[in-house]
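In: All I have is the shape, not the residue letters:
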């Protein structure tokens, strides 16, 4: 993609009023216009007009952005900043040093599109975690890698590998839905995928898990790699389109936002543009879908005071704010205390915490202070990136509290009932879920 | 002194990372909220009064212009470095230094965001009254420079009525206080002279502002009209009835369309005009006023008068109004906002004239303004890339301002003269008036180093400014 191709219509909508400035976490921290949404849009426009070159310095501003899209919530003109930033990143290519760029390019094109390879990587990680190496790593690794290593949760023994399973609804069927198992969700958080299936079934949903689905491609798109991302979108559309479902359920906010944008990603592909639009309209966040369907109230008490972190790509990216809170309120015994700035980014932002550790840690520290002020006993954040980041924040800065996915807590409140927790009814394929 | 020596000196004053010189850094400071653009050579972000003074001294030694900038939300090009030089950005100086509720004042650094002042004191039942539509982004320093108003200006007055004193850095780097912590000090009202000086006299580094007590009751009404004329007549009626609303705002059909497309506030898309009326005071008075205003609206043929039922609805109605300028991006890639003022009894006829001017130049004009003050904001919509369109826009804008002056009004209510309206200041002031102002300016800043080429008339118009790049280093785009 050339600089001139950056001349996208989204740019025309910004009249540089500046109302985005103080909603931008990187502007709040730096107070620098080039690190603000308005400033970045101005930079992209300048590149599109050929007034400046897309240099490394330009890339520095574009990649210090978290892509949290809080500016989109603040914008009176409805400027789709995310699309502008994604286009700029496509021109720039992946971020970082030459080595980092090569590594990312490899991951985006050779690992993420291939679930088997991703699961293999996760298995190797589990082997590593169970060996004596972490002890050694904590002593010899340089600070940044050591921090990365410390962030990873224990990899479970079994993953949620999609294999065309169909889980019947418990009680009368109200809907037939498909589940995106996801890359990180189906490996590091396989138990949450399983919990999501159980919660959906409890709510009268027949759940299908189409075979052949792959990672949604969000990380690619956010980091300047769109060729493989488009391929992944086409694979997913093919995998889901014959499932005959009322909705495609996603329990990771970042993936949901990316898949709702497939229509845009494949707009120039005549063979897929229409199918992508259709597919995107089916995509629903799990909490969004259940609140819309009308939740069957869970019965078991979960005595806990929690605070809720709005994942950026749920609150800003999908405008889903009220629904997760409604579901939490339906759990008996659970008490929600709002934190200050719950829709401000925690600094996870996909792989941002690895690429921009300084800014990421600053935001995480602010976030943990806001969490601490609520005196909550746990944080709820329905997105894997936020969960990893907040878990690391709880360890590093305190308060030492657990981090839950919304589906986790709902599942607990439903308890055993008529949907067994360990063994899953299925019509074909192997039993995909490991022990909790 | 050459440029690199100046950069070295500035780096020594504020630290290396707070001096920007690369095109990919400074280009974003070429524009504010207006349509003017001139690329700065050097951008400096001081963190303290001493650093501001050091930067001013360095620029003076190097004999280059100094342009102060806050959040860059101004609408008249006031923060655009028309003659290049050093842009001093005050965004890092954003501490609230003191809140003194017993004496109802706050001491602020210039980069404090307007809305943050109210947020900081709201729990105690206080607020900072001047509320420009950009209040979620604009800074106190910029408000002082532009003597900013806002919807609630009608009841509370503009920035100058709320600033008790300012600490400023003068052209030689001296730091002085004008005014102080108590009102009505002896001697010349130099603080009053400084407020509204648009960055031409010096740089504000601290401001002491008044805090107001929140009223017992606030009621917000939305009156919906199918025609513009009766809506304007209603504005005249309300004030003639002896009611002073806290705010009295008007939005026309195009503006409603913009808001409802960008970030919906619940305005009816098919209305020709809506009035947003806010009434406040003790409950009994306010309820009476609500009834009176409702009757006046109905008598002029309002289709519906809604009263916000709760705070959430009230916030939503205001959010739409405050985002209206920013929402113009949904209608056209560019807009040129005018800031004319007329006596409010002339509102019906001036709105007819604005519509005629739009028709004559074949331009769409979206109106959103402080009707209670007679302060118009016609937003002329256009696309900079269409050849010749900008010239028509500027002509149409000039016609609107001439009409305002002819109606006994003024060319700016609150946005300032800046770069954008300096060609029209002669419509309002005689040569002798301007000479008196120039002498005030020279008393503070004899070399004309602060924000040159602003406010005072030059023989060139905005359209022509694009053609005089000789003295402008990086070219001027508007």
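Out: Here it is on my side, so go on. Just so it is clear, the structure is predicted and the values come from calculations on it, not from any experiment.
In: what pLDDT, on average, does stretch A:238-250 get?
Out: Averaged across stretch A:238-250, pLDDT comes to 95.
In: quick one: that stretch to chain centroid distance?
Out: Centroid separation for stretch A:238-250 versus its chain: 19 Å, with C-alpha atoms, centre = their mean, to the nearest Å.
In: I'd say residue A:405 and residue A:192 touch.
Out: Yes. Shown here, residue A:405 and residue A:192 form a contact pair, counting by C-beta atoms under 8 Å, at 4.7 Å. The C-beta positions use only the backbone N, C-alpha and C, and glycine is treated the same way.
In: Now for chain A, the helix or strand with the poorest mean pLDDT.
Out: Sorting the helices and strands of chain A by mean pLDDT, DSSP states H and E puts helix A:143-151 at the bottom, at a mean of 74.
In: any idea which helix or strand comes after that one?
Out: Counting by DSSP states H and E, the next helix or strand C-terminal to helix A:143-151 is strand A:165-167.
In: what does the average pLDDT come to for that next one?
Out: Computed over strand A:165-167, the average pLDDT equals 94.
In: what helices or strands is it leaning on?
Out: helix A:190-202, strand A:205-209 (3 or more C-beta pairs under 8 Å, 6 or more residues apart in numbering or on different chains; DSSP states H and E).
In: Rebuild those as a markdown table, extending it with distance to residue A:118, mean pLDDT and mean neighbour count.
Out: Putting these into a markdown table (distance: least, C-beta to C-beta, whole Å; pLDDT from 0 to 100; neighbours: other C-beta atoms under 10 Å in any protein chain shown) gives the following:
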| stretch | distance to residue A:118 | mean pLDDT | mean neighbour count |
| --- | --- | --- | --- |
| helix A:190-202 | 13 | 96 | 25 |
| strand A:205-209 | 16 | 97 | 23 |
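In: what's the closest of the ones you listed to chain B?
Out: helix A:190-202 (30.4 Å; C-beta to the nearest C-beta).
In: Spit out the residues that contact residue A:405 and residue A:192 alike.
Out: Contact criterion C-beta atoms under 8 Å, 6 or more residues apart in numbering or on different chains; residues shared by residue A:405 and residue A:192: residue A:251.
In: Tell me who's in contact with the residue lying farthest from the centre of chain A.
Out: The outermost residue of chain A relative to its centre, with distances by C-alpha atoms, centre = their mean, is residue A:51 at 35.0 Å. The neighbourhood of residue A:51, defined by C-beta under 8 Å, 6+ apart, consists of residue B:27.
In: Now do the contacts for the residue of the stretch 101-250 of chain A at minimum distance from chain B.
Out: Shortest the stretch 101-250 of chain A-to-chain B distance, computed as C-beta to the nearest C-beta: residue-wise this is residue A:224, at 17.3 Å. If you count contacts by C-beta under 8 Å, 6+ apart, residue A:224 has them with A:89, A:90, A:91, A:92, A:93, A:94, A:95.
In: let's see 6 Å
Out: Residues in contact with residue A:224 (C-beta atoms under 6 Å, 6 or more residues apart in numbering or on different chains) are A:89, A:90, A:92, A:93, A:94.
In: Can you tell me which of these has the most neighbours?
Out: For these, counting by other C-beta atoms under 10 Å in any protein chain shown, the largest number of neighbours falls to residue A:89: 23 neighbours.
In: Any residues of the stretch 251-400 of chain B in contact with chain A? List them.
Out: Residues of the stretch 251-400 of chain B lying near chain A by C-beta under 6 Å from any C-beta of the partner chain: B:262, B:263, B:323, B:325, B:326, B:327, B:328, B:329, B:330, B:333.
In: Show me what counts as buried in the longest helix along chain A.
Out: For chain A, the helix with the greatest residue count under DSSP state H is helix A:357-374. Residues of helix A:357-374 classed as buried: A:357, A:359-364, A:366-368, A:370-372, A:374 (neighbour count, 16 or more other C-beta atoms under 10 Å in any protein chain shown).
In: So residue B:366: helix, strand or coil?
Out: Secondary structure for residue B:366, judged by DSSP: H, G, I helix; E, B strand; the rest coil, is strand.
In: Next: residue A:305.
Out: Quick answer, by three-state DSSP: residue A:305 is strand.
In: and it, how many neighbours?
Out: Residue A:305 - counted by other C-beta under 10 Å - has 14 other residues nearby.
In: show me where chain A has strands.
Out: A:165-167, A:175-179, A:205-209, A:247-250, A:283-285, A:304-308, A:334-336, A:378-380, A:403-404 (DSSP state E).
In: Then the stretch 101-250 of chain B?
Out: Counting by DSSP state E, counting those that start in this stretch, the stretch 101-250 of chain B has strands at residues B:105-108, B:126-127, B:163-169, B:175-179, B:203-210, B:212-213, B:217-225, B:247-252.
In: That concludes my questions; thank you for your assistance.
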